[in-house]
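**Student:** sharing a model prediction with you, sequence too.
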Amino acid sequence: MTLTPAIRIENVSRRFGALQAVQGVSLDVMPGERRAILGPNGAGKTTLFNTICGDFPPTEGRIALFGQDITRLTPHRRARLGIGRTYQTSLLFDGLTVLDNLFLAVRGVKAGRFSMLVPRRGDPDRAEAEAIAQRMRLGDCIHRGVRELSHGQRRQLEVGMALAGKPRVLMLDEPAAGLSPGDRPKLLELLRELPRDLTLILIEHDMDIALPTADIVTVMKDGQVVVEATPDRIATDPVVQAIYLGGGH
Ligand SMILES: Nc1ncnc2c1ncn2[C@@H]1O[C@H](COP(=O)(O)OP(=O)(O)OP(=O)(O)O)[C@@H](O)[C@H]1O
């Protein structure tokens with residue numbers, strides 16, 4: 001029996017006017033796999049990511065989620081089918097606490113139940129929000145305002161917000177961007193502790209985060225996939241070294 005990929009990208013291209021940002025990309029990400037997408041600036045990583053999430057649907061090709069064609073679905077429909085994501089720029093409610101943010105994210109995914117109710121003790125959604133805060137190592141600051149969080153804690157919360165939607169595929173857009181060297185090991189640990197049945201696709205410039213997190217690494221350049229290999233092979237791959245040491249990054 002062949003396993004259906006969590007995400008199948010078939011010959012996907014995306015143009016912006018005359019610019020071919022992604023060109024003829026095909027790849028399968030299997031259920032529970034952790035896939036990192038690397039590549040220099042402008043390689044097309046975010047554009048490919050957005051064709052999967054639906055922000056910029058492909059101009060050509062097909063994308064399937066667990067065998068279901070989602071190529072033309074809105075981002076909202078894709079989210080409902082199980083694609084969760086973070087953004088490079090923060091989308092947190094700065095005026096609310098960590099718990100309130102997570103509570104709203106947990107509530108928000110339940111159809112017809114989005115509300116601004118105060119999370120009461122004993123509310124299962126609040127319990128779930130607290131559990132996510134613990135998992136994201138934010139347990140000791142759940143009542144703190146988001147504005148008071150460090151940059152690293154905000155990143156942890158953003159991953160938690162995406163997890164609150166109970167995604168089957170979690171897509172992280174540069175989770176280590178802007179983190180201090182001290183915050184990076186914590187993020188790495190947290191990524192490695194995510195449930196093994198969750199499929200993870202992450203764009204990450206930082207090899208020290210991407211390689212230990214990923215099962216398979218896809219390297220892109222000029223809108224195309226140039227290498228797909230395990231992290232240990234990527235670390236020594238001459239093509240990858242040429243891309244990164246050659247000044248493209
Ligand atoms: N909305 C858009 N409109 C026009 N051009 C775009 C748009 N989004 C991306 N591009 C262009 O598409 C190409 C690929 O960009 P993309 O952001 O996907 O690369 P990237 O690999 O994610 O780079 P970075 O690491 O800098 O985020 C670039 O030339 C970029 O300028």
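**Tutor:** Thanks, I have it. Residues are numbered from 1 along each chain as shown.

**Student:** below-threshold pLDDT in this protein: ranges please.
**Tutor:** 1, 88-90, 109-121, 245-249 (pLDDT under 70).

**Student:** next to the ligand, which bits of it? Give me the list.
**Tutor:** Residues of the chain lying close to the ligand by CB under 6 Å from any ligand atom are 16, 19, 21, 39, 41, 42, 43, 44, 45, 46, 47. Heads up, the C-betas are built off the backbone N, CA and C, glycines and all.

**Student:** any idea how far residue 123 is from the second one?
**Tutor:** Spelled out, it's residue 19. Using CB to CB, to the nearest Å, residue 19 is found at 48 Å from residue 123.

**Student:** what of residue 223?
**Tutor:** To residue 123, residue 223 is 47 Å away according to CB to CB.

**Student:** these two: who's more crowded?
**Tutor:** With neighbours defined as other CB atoms under 10 Å, residue 223 and residue 123 compare such that residue 223 has more, 22 against 15.

**Student:** so the more buried one sits against residue 15, correct?
**Tutor:** No: assessed by CB atoms under 8 Å, residue 223 is found out of contact with residue 15, at 9.6 Å.

**Student:** what touches both of the two?
**Tutor:** Listed as contacting both residue 223 and residue 15 by CB atoms under 8 Å, 6 or more residues apart in numbering are residue 21.

**Student:** how near is residue 95 to the ligand?
**Tutor:** 29 Å (CB to the nearest ligand atom, to the nearest Å).

**Student:** what sits against that residue?
**Tutor:** Going by CB under 8 Å, 6+ apart, residue 95 touches 145, 146, 147.

**Student:** recalculate using a threshold of 10 Å.
**Tutor:** Each residue near residue 95 by CB atoms under 10 Å, 6 or more residues apart in numbering is listed here: 101, 145, 146, 147.

**Student:** who wins for most neighbours among the residues you listed?
**Tutor:** Taking other CB under 10 Å as the neighbour criterion, residue 101 ranks highest of the contacts of residue 95 with 26 neighbours.

**Student:** so it is in which element?
**Tutor:** Taking DSSP states H and E as the criterion, residue 101 maps to helix 98-108.

**Student:** just checking, what packs against that helix?
**Tutor:** Counting contacts by 3 or more CB pairs under 10 Å, 6 or more residues apart in numbering; DSSP states H and E, helix 98-108 packs against helix 124-135, helix 151-164.

**Student:** surely residue 11 is in a helix?
**Tutor:** No: with DSSP: H, G, I helix; E, B strand; the rest coil as the criterion, residue 11 is assigned strand and is not in a helix.

**Student:** ok, and the closest non-adjacent residue to it?
**Tutor:** Leaving out its chain neighbours, the residue that sits closest to residue 11 by CB to CB, 6 or more residues apart in numbering is residue 61, at 4.3 Å.

**Student:** what strands flank whichever helix or strand the one you found is part of, and is each parallel or antiparallel?
**Tutor:** Of the helices and strands defined by DSSP H and E, residue 61 is found in strand 60-65. Its sheet considered, strand 60-65 pairs with strand 7-16 (antiparallel), strand 68-69 (antiparallel) by DSSP bridges.

**Student:** same list as before, the ones you listed that is, but in TSV and with mean neighbour count and distance to residue 34 included.
**Tutor:** TSV is the format used below for these (neighbours: other CB atoms under 10 Å; distance: least, CB to CB, whole Å):
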stretch	mean neighbour count	distance to residue 34
strand 7-16	19	12
strand 68-69	12	22
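
**Student:** how near is residue 95 to residue 157?
**Tutor:** 14 Å.

**Student:** show me what contacts residue 240?
**Tutor:** Contact partners of residue 240, counting by CB under 10 Å, 6+ apart, are 38, 39, 207, 217, 219, 221, 226, 227, 229, 233, 234.
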